[in-house]
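Chemist: What would the 3D arrangement of this be:
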Amino acid sequence: QVQLVESGGGLVQAGDSLRLSCAASGRTFGSYTMGWFRQAPGKEREFVSAIKWPGNITYYSDSIKGRFTISEDNAKNTLYLQMNSLKPEDTGVYYCARSRRWNTAAAIQDEYDYWGQGTQVTVSS
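Modeler: All right, here's what the predicted structure looks like:
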């Protein structure tokens, strides 16, 4: 089992930055895929970004490419999402997720085995 806890969300203005963190605990060894998803009010949850370890191969949705950066600190078992130039349409609950598989479709929610509880990001215009 793996437990995931997100933090770092908040209320910011358009153009501001935030860094989300996702601390993993439990059976965290081995290769994996970790991702960030978000759910805006009244919308379905969507893929934001993912990273595979080993290899640090990264994936981004078109809507955030160039503004968000995913990274991880293996020593701390922590996943990050640096979000710059935030827009009101980035508002939503951000979830981190972890798959036990490396060779998986990073953008597909069903490929992930563990989910955090989410952290709210609100961007005002």
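Chemist: got a list of what Gln109 touches?
Modeler: By Cβ atoms under 8 Å, 6 or more residues apart in numbering, the contact set of Gln109 is 37, 45, 47, 97. Every residue, glycine included, has its C-beta placed from N, CA and C.
Chemist: so what's the second one up against?
Modeler: Read it as Arg45. Per Cβ under 8 Å, 6+ apart, neighbours of Arg45: 37-39, 95, 109.
Chemist: can you name the two of those residues that are farthest apart?
Modeler: Maximum pairwise distance in the contacts of Arg45, criterion Cβ to Cβ, is 11.4 Å, between Arg38 and Gln109.
Chemist: what helix or strand does the closest residue to Leu86 other than its chain neighbours sit in?
Modeler: Closest residue to Leu86 apart from its sequence neighbours, by Cβ to Cβ, 6 or more residues apart in numbering: Val123 at 4.6 Å. Assessed by DSSP states H and E, Val123 sits inside strand 119-124.
Chemist: Can you show me the CA trace of that strand as CSV?
Modeler: This file holds the C-alpha atoms of strand 119-124, laid out as CSV (Å, rounded to 0.1, in the frame of the first residue of the first chain):
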residue,chain,number,x,y,z
THR,A,119,-5.7,20.0,-2.6
GLN,A,120,-7.7,23.0,-3.8
VAL,A,121,-6.2,25.6,-6.1
THR,A,122,-8.2,28.7,-6.8
VAL,A,123,-7.0,31.3,-9.3
SER,A,124,-8.8,34.6,-9.3
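Chemist: That strand pairs with which strands?
Modeler: Next to strand 119-124 in the sheet, as set by DSSP bridges, lie strand 10-13 (parallel), strand 92-99 (antiparallel).
Chemist: wait, doesn't Ser124 sit right on Val12?
Modeler: Yes: in this structure, Ser124 is within contact of Val12 by Cβ atoms under 8 Å, at 7.4 Å.
Chemist: These two - which one has more neighbours?
Modeler: Val12 (17 against 11; other Cβ atoms under 10 Å).
Chemist: in the sheet, who's paired with the more buried one?
Modeler: Bridge pairing for Val12 - DSSP bridges - gives Val123.
Chemist: so what's it up against?
Modeler: Contacts of Val12 by Cβ under 8 Å, 6+ apart are 18, 86, 121-124.
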